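> Mind folding the following:
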Amino acid sequence: MPYKEIETVKLYYTMGEVAKMFDVNPSLIRFWEKEFDSIQPKKNKKGNRLFTAQDLDSFKQIYTLVKQKGFTLQGAKATLKKNSDEQIQHEKEVLLTKLEAVKLKLLELQKHC
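The predicted structure is shown next:
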């Protein structure tokens, strides 16, 4: 049987890997980490930053807004906050719909008992 290499999914990415992914200097990654609350890397015992896939998504949004669309940092922060607020509102609406469905089921069960 031939050897098959198993694909692994990384949970954490180093500063160098993230900088290489976005083709920017590590200092810019550190700067964005300080400026944007959505980026919260873990730190190992040595103090090296370890970024998650969620952090990478945040970097991608920031990179798109700042580097590709030409937003200022304040403009990018405002846009991300607006998107975050809209997402939270949407999640609340979905949750409310699910809770109303559960309530209807419970009321229906109460009628039958």
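> which residues of the protein fall in strands?
For the chain, applying DSSP state E gives strands covering 13-14, 42-43, 49-51.
> Direction included, what does the first one pair up with?
In other words, strand 13-14. strand 49-51 (antiparallel) (DSSP bridges).
> repeat for the second one
Sheet pairing of strand 42-43 (DSSP bridges) gives strand 49-51 (antiparallel).
> what is the mean pLDDT for the strand it pairs with?
Computed over strand 49-51, the mean pLDDT rounds to 93.
> And for stretch 101-113?
On average, stretch 101-113 scores 88.
> Could you do stretch 15-24 as well?
So the average pLDDT for stretch 15-24 ends up being 92.
> all helices for this protein, in order.
With DSSP state H as the definition, the chain shows helices at residue ranges 15-22, 26-35, 53-63, 73-112.
> Pull out the buried residues from the longest one.
For helix 73-112, a neighbour-count test (16 or more other C-beta atoms under 10 Å) marks 76-77, 80 as buried. For glycine as for every other residue, the C-beta is placed from the backbone atoms N, C-alpha and C.
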